[in-house]
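Novice: Mind looking at a prediction? Sequence and model below.
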Amino acid sequence: MDNDEMEGRDVAGRVRRRIGAAIVERVSGPPDPARPRLAGEGWFAAGRPVRQVHADASMFAGGITALLLQSLHPLAMAAVAGHSGYRGDPWGRLQRTSHFLAITTFGQADDAQEAIARVREVHKQITGNAPDGRPYAASDPRLLTWVHIAETDSFLRAHARFGAQPLDQAGRDGYVADMARIGAGLGVPDPPRTEAELTARINGYRPELAATAQARDAARFLLLHPPLPVVARAPYAVLAAAAVSLLPGWARRQLRLPRLPVSEAVLVRPAGHAMVHAIRWAITAPPAPSQSPRPGRLAPPKRLATCQPARCWLVAWRVPIRCLVGAPGSVGGRGGCRERSRPAGSGARRVPRDDP
């Protein structure tokens, strides 16, 4: 291989790593050494479906789908509008969510239980009245169940369509069962444990769902006015269109989102696949090749087998990163946890920001 080819590959590698790092930094925030490590014995073994789904870049689309579907419950939407800060601090909410999902899926059992307890405590403080006058409480088992089944269904749909290795039926049932453990911990009574049970539970909620003004406002914010720089809005629009295509038809009609079957089949789905693949490509870039130190320079940093949850997970509202496709040394791979370097030698009252 000649020098020009080597230099070209090095430039391409640097560009890839910079794109991936920019995505990580935007969504997961700066590194925080105080966060628990994603190592040790956790709730889910390495081969469990929840790890495969949550470690796939399809979650970028699934996270947006989940928020749109969840918004259709008027009381759940009122709680989000009044307390979550999704408009004033969308990236902060995203980072808290990524941390929660990272810990409960990949973290140690004690850390997962602590994260669950912290969220339940915050839920106790979230109460208020919806615009129609009905009271709500985030700790209401009925609302907890809706949020849980909506996100479980959305993540599963996204992985089935855009995932690198879609699950078979047994794996899909296994994913719902895995999510049931997290849901039960949060206070969901008798969460569904198979895909059939999940579908039946969602259908049971349909009589109480409606696209309120708050829900449509949230949809406009997510789909048309995301808090992104101009250069990132075109790629995000592709991802958002893919997310909308995952919604059940009845949900799209309530949110007044158009359904164009031919356009979706010819344009939206292929573009969604390409975008998810591009994200996967960027955030799984191999590390820069090590170089011998030049005279007078410090030696290369030591490698520590530790992992910060927010940097091992990227959620486009709920999207994991860096644990993708079982790469060696990644959380989802045989190497356990990705290495990192260390130099040698939002009628509502604000509550603490631990909401997932």
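Specialist: All right, it came through fine. Computed from a predicted structure; not experimentally measured.

Novice: just checking, L143 touches Y136?
Specialist: Yes. Assessed by Cβ atoms under 8 Å, L143 is found in contact with Y136 at 6.8 Å. Backbone N, C-alpha and C define where each C-beta goes, glycine included.

Novice: Find residues that contact each of these two.
Specialist: Residues touching both L143 and Y136 (Cβ atoms under 8 Å, 6 or more residues apart in numbering): L75, A76, A79.

Novice: Return the closest of the residues you listed with respect to F162.
Specialist: A76 (25.5 Å; Cβ to Cβ).

Novice: Can you list the low-confidence ranges for the protein?
Specialist: Scanning the chain for pLDDT under 70 picks out the ranges 1-10, 20-40, 85, 88-92, 94, 285, 288-356.

Novice: got the contact list for L247?
Specialist: T65, L68, L69, L255, L257.

Novice: So which of those residues are in helices?
Specialist: Members of the contacts of L247 lying in helices (criterion: DSSP state H): T65, L68, L69.

Novice: Run a quick neighbour tally on the first one.
Specialist: When neighbours are counted by other Cβ atoms under 10 Å, T65 registers 28.

Novice: Number the residues from 4 up from this point.
Specialist: Got it, the first residue is 4 from now on, which makes the last one we talked about T68.

Novice: Not including adjacent chain positions, what is the nearest residue to it?
Specialist: Among residues not flanking T68 along the chain, S157 sits closest, at 4.1 Å (Cβ to Cβ, 6 or more residues apart in numbering).

Novice: From F63, how far out is that neighbour?
Specialist: 12 Å (Cβ to Cβ, to the nearest Å).

Novice: out of these two, which sits in the more crowded spot?
Specialist: It is F63, of S157 and F63, that has more neighbours when counted by other Cβ under 10 Å, with 31 against 25.

Novice: Just the closest of the contacts of L250 to G50, please.
Specialist: Once Cβ to Cβ is applied, the member of the contacts of L250 that ends up nearest G50 is T68, at 25.7 Å.

Novice: Can you give me the distance of that closest one to R96?
Specialist: 17 Å.

Novice: one step back: Q172: which of the ones in helices among the contacts of L250 is nearest?
Specialist: Of the ones in helices among the contacts of L250, the one sitting nearest to Q172 (Cβ to Cβ) turns out to be T68, at 20.8 Å.

Novice: Now do that closest one against D143, distance only.
Specialist: T68 is 23 Å from D143, by Cβ to Cβ.

Novice: cool, and P52?
Specialist: 28 Å.

Novice: Neighbour count for these two, which is higher?
Specialist: When P52 and D143 are compared for neighbours, P52 comes out ahead with 22 against 18, by other Cβ under 10 Å.

Novice: need the contact list for that one.
Specialist: By Cβ under 8 Å, 6+ apart, P52 lies in contact with L170, G174, R175, G177, Y178, D181.

Novice: which SSE is the third one in?
Specialist: It stands for R175. Taking DSSP states H and E as the definition, one finds R175 inside helix 172-189.

Novice: right, and the helix or strand after that helix?
Specialist: helix 198-208.

Novice: what comes up buried for that next one?
Specialist: E198, E200, L201, R204, I205 (16 or more other Cβ atoms under 10 Å).

Novice: How about stretch 120-136?
Specialist: By neighbour count, with 16+ other Cβ under 10 Å as the criterion, the buried positions of stretch 120-136 are V122, R123, V125, H126, I129, T130, G131, A133.

Novice: Relative to A161, which of those residues is nearest.
Specialist: Among the buried residues of stretch 120-136, V122 lies closest to A161 (Cβ to Cβ), at 22.8 Å.

Novice: and the helix or strand hosting the closest one, what does it pack onto?
Specialist: Counting by DSSP H and E, the element that carries V122 is helix 112-128. Applying 3 or more Cβ pairs under 8 Å, 6 or more residues apart in numbering; DSSP states H and E, one finds that helix 112-128 contacts helix 93-109, helix 172-189.

Novice: Only the buried residues of stretch 146-162, if you could.
Specialist: Buried, per 16+ other Cβ under 10 Å, within stretch 146-162: 146-162.

Novice: Now for A246: which residues touch it?
Specialist: A64, G65, G66, I67, T68, L71, A161.

Novice: what's around G174, how many residues?
Specialist: The local packing of G174 (other Cβ under 10 Å) involves 18 other residues.

Novice: For E198, see how far away it is.
Specialist: Distance from G174 to E198, by Cβ to Cβ: 10 Å.

Novice: One more: R184?
Specialist: 16 Å.

Novice: what's the answer for Q111, then?
Specialist: From Q111 to E198 the distance is 29 Å (Cβ to Cβ).

Novice: can you map out the strands along this protein?
Specialist: In the chain, the strands defined using DSSP state E lie at 130-132, 138-140, 305-307, 343-345.

Novice: Could you list every helix and strand in contact with the first one?
Specialist: Think strand 130-132. Packing partners of strand 130-132 (3+ Cβ pairs under 8 Å, 6+ apart): helix 77-86, strand 138-140.
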